[in-house]
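Participant: What follows is a predicted structure for the sequence shown.
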Amino acid sequence: MQAHYHGRTAVVVLVLKQAQSQLLEWEIFGYKTQSSRKALCIAGYILSCGALLLLFYWKPEWDVWANCIRCSLEEADIVLLRTTDEFRVYSRKTVTWISVSALIRSRSDYPATAGEDSIFSKAIMKPSLQVKSIQVQKIRYVWNICAKHFQKVGALEDHHTCSAIHAKFGSGLTCNEQYVRRVICGPNTIDVPVIPVWKLLVKEVLNPFYVFQLFSVCLWFAEDYMEYATAIIIMSLLSIFLTVYDLRQQSVKLHRLVESHNNIMVTVCRNKEGFQELESHHLVPGDMLVLKEGKTLLPCDAILISGQCVVNESMLTGESTPVTKTHLPQADNIKPWRMHCAEDYKKHVLFCGTEVIQTKADDRGVVKAVVLRTGFNTAKGDLVRSILYPKPMNFKLYRDALRFLMCLIAFAAIGMIYTVCVFALNGEEAGEVVKKALDVITIAVPPALPAALTTGIIYTQRRLKKKGIFCISPQRINMCGQLNLICFDKTGTLTEDGLDLWGLLPSERNCFQDIHSFPADHSLPWGPVFRAMAVCHSLIVWEGKIQGDPLDMKMFEATNWVNGHQNEGQGSTHAIVVRPGPKAMEGVTILRQFPFSSALQRMSVIAQEIGGEKQVFTKGAPEMVAMLCRAETVPSNFESKLLLYTAQGFRVIGLAYKSLQAGKQSTDLTREEVESDLTFLGLLIMENRLKKETKPVLEELSAARIRSVMVTGDNIQTAVTVARNAGMISPMSRMILVEANKIPGSFSASITWKPLEENKPEDYRSQYHFAMSGKSYQTVAQHFRHLLPKLLLNGTVFARMSPGQKSSLALKVAHAGISLSEQEASVASPFTSRTPSIACVPELIKEGRAALVTSFCMFKYMALYSTIQYLGVLLLYWQLNSFGNYQFLFQDLAITTVIGVTMSFTGACPKLVPYRPPSQLISPPLLLSVVLNILFSLSMQIFGFVVVQEQPWYSKTNIHSVCGENASVEHKEKYLLAGKTRVSKWSYENTTVWLLSTINCLIVALVFSKGKPFRQPIYTNYVFLLVLIGQLSICLILVFADIDDLYSKMDVSIVPRWVFFLLQFSRIFLLVLCLQEAVIENRALWLLLKKTFRYHSKSHYKRLQRVLEQDSAWPPLNETFFSDSVAISVEGNMGGHSNPTFDSNEDVF
């Protein structure tokens, strides 16, 4: 995995729920503006005609270093931020001051603002009553006077305990506290304004690419190269306007996405002043929000402190299943509330942008929630920030492209020196020498080079869209061409979304009874098992339909009862009653729910039969439910029966119950009290079928040597069986269970390797897969960190994984994510598939590989084209000659531009080959190809340049000598007149070099247009072939047309027999280049060379793979190891999803 070894491995994660936002961490440096430095910089701006200002715009750190002096953060009025990743990107921020003097009337008001331990009291400077702040990526940070650092505001402090939240904020904030917090935190809005067109236009025009274009165009106008300069201006303006239009549309779309949440009327509770209605943008962290009955769109993140809610979280999770939220317990301990609640803290949090569809008050009256986060600090805000500020990609192609660009600039510098020497020694005017020298840069460094790298991506994005795959991060398409490991969720991704109820295995008196199959002719008998299936769920009636978890729906439907009938006239505090029919009087009332917890692997309800006693019903993971039951109620063959069904791929649920003592109020009981001393009821067996696309796709990935990994919350045996049935694990491979457990009463842990199947070949070390549970994974990460890379190298099944563990294992290190949902959450995922199946995965990899190869082909072609033209011009400079304007125009516009547009039309190869395309430009095959092509092109042009001078009809001064004595006087006069007017361009050397370089460009385009194995054959790109044929035809017409006016315009002097010789020579050159490219691109040859010279990959995971292959003791089957070190804290790595509960280190600078 990328988290543990940094070689050529790449990871993609199938995201069903939401995209993982990976915002950056920063280093911060303080600076103070100095007047003398600022004055010198202003003078520099004026003297450089704005060039220095433009340079500072591109490099903000240079601006700060030039204008300011380094100081402490406390004294700083400018701060410089630098990302901690490999890119080291700088950002300049100005320190601003917020005044609160008008809100705080006396010193006695300080504690009243928020409490002595609050950031609000620690940020206000005395006696000025001002707060020092900066804003980074829409988040506001204020200066903490005590801690001497910038601290994030807009969120409730994490140190509050459960009891403290109830005590401090349960009655609401005072008006004064609310006003101070509002001024310091800013408004509770996710404000994404529509960027004005002029701003987008200026930003696009100031891009270095367009600045270089402007420099080139000015130079071309100075040299009277009007036609091509005009064409470049038109194309650049078109490109700018299209880009600005696209950015404007994205800005409008994002603005519409968030604007509905910025102005919602809400009810808050004010301390000593009662309830107030106000607009949601006035909310601050700590406000007491009152949730009324009916649908409510949440404008902030809030902690539920009383009552219960049912929420639609599809905006965040991509799933429309309603989620039940319970109030934060009033636990009296010293742990912060999130640590106390562990991974279940999200069960108490209502997230911004989600919709409350039902509320249920408790005996305290109304449903209340404390505002936790506001604005861009919220779940919705974090989602929007991940779109506004995507994490930059570390892809070798783009880094190598910049390095190659630097090489071309160095190459151009050599040509400039040569040009200055040649023209200066021949007595040319200084102005002409400068123009010729600068012209060399525009020839050697093609302005279209950066655009050439993106053409393949643009066409690939269109092809993906036709296949129902949408992309919001086009640069990640090339990254997909390098993927070699895919992580899949199970339910809804590999298997169908819904579950089918297969059977019920009831238990009575410590023994399993006969299995009850579904559907059955007879219904279930009335009893505890029936009641458990009828009430142990979190289903609700929403918009006239029963909504909830698919498992709960199937279980409840098997009872043929109805849900949602409630006691009349009790308002929002009533309990849900399930009945045998709509008009039935009898039924069971659900008094209280303990929602499903991924950490606890179970859910429970307290229910009461009308006129009967209160009972507890629990369902969940069979192993967990059995642990909560009295031992004498659990059948002795429990484990063997469980293994029997999980080994067949069934999803198994355990059921249990107990009766509550009379007189106990359900609201007073803790979850621990409720879920203890249970009676085991039996096993509910669910069938989760594979999707029809799953097995073919996984087999295709396996044939292409792309690893597939399953990360699921289901039972480990079920997951292994599904993996085998899906083809993720071959029949001959051995499954090894890795179990890691903490040793009670000590700080150490143990780890054991056990075979899951006994009847397997002894030579299991050649083909084996590891399976482990989330608990084992976390224990390994804490106690056996050194073993984690070895386990991940062959880990295939990760079961019983909590959302936080899934995040640390896969989501946080993924290079790309695919959302199989079209819900709002998918806007932050790089790719979204319209069809909810994994069939999109191989399609994306194929297109990614094709786009990557296309980028390489285009890059090589653009580099060769500019080098060919550069060499030709330098050769002609030796005679103080050059290509004519129309010669340049024909090569630049009619040849290269058209080829650049059409070469990328070639589609992806329909078959995945078992290896990947190269990921870097600085690789031996590609470098050798470019260098050899340059040498061949140089040889070709020098050959023509020298040999033409040896021809008997050649004359350096008389360019019409080839006409002979028999030519007409009129014909000679035309050539003579043209020769006098164009003496600097028209020569036999010029014609020869230009013709050879033009044909060379066509040959290189043909040779570099690779087809298989990653793209379709070149003959499928009809447009490109027609373009090449058309361009070659124009060249032939040009040289054989014998049109004097055309020759005069194009600055060529045609000698038919010489042209025939050049064409024959070009055919030989084409054969040589094709042979050379076939040899260089021969993968088998390179593998043989690697084997001969014993070259091995330097990537960490490849080295580890070789070490493990040679280690006869790995894996240590049926052995147990013990840790002898203190556990490593992995709380940061094991946290929940960064969105909607973004756990970052950006709270403090």
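Facilitator: Okay, I see it.

Participant: drop to CA atoms for contacts and neighbour counts, all remaining ones
Facilitator: Noted.

Participant: Assess the claim that Phe1008 and Tyr861 are in contact.
Facilitator: Yes. Taking contacts as CA atoms under 8 Å, Phe1008 lies within contact range of Tyr861: 6.8 Å.

Participant: between these two, who's got more neighbours?
Facilitator: Relative neighbour count places Tyr861 above the other of Phe1008 and Tyr861, with 27 against 20, counting by other CA atoms under 10 Å.

Participant: separation between the more buried one and Phe212?
Facilitator: For Tyr861, the distance to Phe212 (CA to CA, to the nearest Å) stands at 20 Å.

Participant: Over to Asp668?
Facilitator: Looking at Asp668 against Phe212, where the rule is CA to CA, the gap reads 73 Å.

Participant: Same check on Lys1091?
Facilitator: The span separating Lys1091 from Phe212 equals 45 Å under the rule CA to CA.

Participant: Tell me which of the two has more neighbours.
Facilitator: Phe212 (16 against 11).

Participant: next helix or strand past the helix or strand encompassing the more buried one?
Facilitator: In the assignment (DSSP states H and E), Phe212 maps to helix 208-222. Once the chain leaves helix 208-222, the next helix or strand it forms, by DSSP H and E, is helix 226-259.

Participant: downstream neighbour of that following helix in the secondary structure list?
Facilitator: Downstream of helix 226-259, the first helix or strand assigned by DSSP H and E is strand 265-270.

Participant: ok, residues contacting that next one?
Facilitator: 171-175, 275-280, 287-291 (CA atoms under 8 Å, 6 or more residues apart in numbering).

Participant: If any of those residues are buried, put those into a ChimeraX selection.
Facilitator: With 16 or more other CA atoms under 10 Å as the criterion, this ChimeraX line picks the buried residues out of the contacts of strand 265-270:
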select :171,172,173,174,280,287,288,289,290,291
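
Participant: And the contacts of strand 265-270, which is closest to Arg463?
Facilitator: Using CA to CA, Ser280 is the member of the contacts of strand 265-270 that lies nearest Arg463, at 43.0 Å.

Participant: Would you mind measuring from that closest one to Arg140?
Facilitator: Relative to Arg140, Ser280 is positioned 19 Å away (CA to CA).

Participant: And Pro914, how close does it get to Thr243?
Facilitator: Pro914 is 37 Å from Thr243, where distance means CA to CA.

Participant: should've said Glu27
Facilitator: Taking CA to CA, one finds Glu27 at 32 Å from Thr243.

Participant: Pick out whichever of these two has more residues nearby.
Facilitator: Thr243 (15 against 12).

Participant: got a pLDDT number for that one?
Facilitator: Here, the pLDDT recorded for Thr243 equals 79.

Participant: Same question for Gly544.
Facilitator: In this prediction, Gly544 carries a pLDDT score of 69.

Participant: chain center to whichever strand or helix holds Val433: distance?
Facilitator: Take DSSP H and E as the rule and Val433 turns out to sit in helix 430-444. Computed by CA atoms, centre = their mean, to the nearest Å, the chain-centroid distance of helix 430-444 equals 43 Å.

Participant: Check stretch 498-513 too.
Facilitator: Put simply, stretch 498-513 sits 43 Å off its chain's centre (CA atoms, centre = their mean).

Participant: Give me the three-state assignment for Pro842.
Facilitator: Look at Pro842: counting by DSSP: H, G, I helix; E, B strand; the rest coil, its state is helix.

Participant: again with Met732
Facilitator: Assignment for Met732 (three-state DSSP): coil.

Participant: how near is it to Leu1117?
Facilitator: 17 Å.

Participant: can you check Gln778 too?
Facilitator: With the distance defined as CA to CA, Gln778 ends up 21 Å from Leu1117.

Participant: Please identify which of these two sits among more neighbours.
Facilitator: Gln778 (22 against 16).

Participant: how about the helices in the stretch 801-950 of the chain?
Facilitator: Defined through DSSP state H, counting those that start in this stretch, the helices belonging to the stretch 801-950 of the chain, from first to last, are 803-809, 840-877, 885-889, 898-902, 924-948.

Participant: avg pLDDT for the third one?
Facilitator: In other words, helix 885-889. Helix 885-889 comes out with an average pLDDT of 85.

Participant: rewinding a little: return the helix holding Phe212 as PDB; C-alpha atoms alone will do.
Facilitator: The C-alpha trace of helix 208-222 is given here as PDB (Å, rounded to 0.1, in the frame of the first residue of the first chain):
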ATOM      1  CA  PRO A 208       3.100  31.600 -18.000                       C
ATOM      2  CA  PHE A 209       2.100  29.600 -21.100                       C
ATOM      3  CA  TYR A 210       0.100  32.600 -22.500                       C
ATOM      4  CA  VAL A 211       2.800  35.100 -21.500                       C
ATOM      5  CA  PHE A 212       5.300  33.100 -23.500                       C
ATOM      6  CA  GLN A 213       2.700  33.000 -26.400                       C
ATOM      7  CA  LEU A 214       2.500  36.800 -26.200                       C
ATOM      8  CA  PHE A 215       6.300  37.200 -26.300                       C
ATOM      9  CA  SER A 216       6.400  34.900 -29.300                       C
ATOM     10  CA  VAL A 217       3.700  36.700 -31.100                       C
ATOM     11  CA  CYS A 218       5.300  40.100 -30.600                       C
ATOM     12  CA  LEU A 219       8.600  38.700 -31.900                       C
ATOM     13  CA  TRP A 220       6.900  37.200 -35.000                       C
ATOM     14  CA  PHE A 221       5.100  40.500 -35.700                       C
ATOM     15  CA  ALA A 222       8.500  42.300 -35.500                       C
END
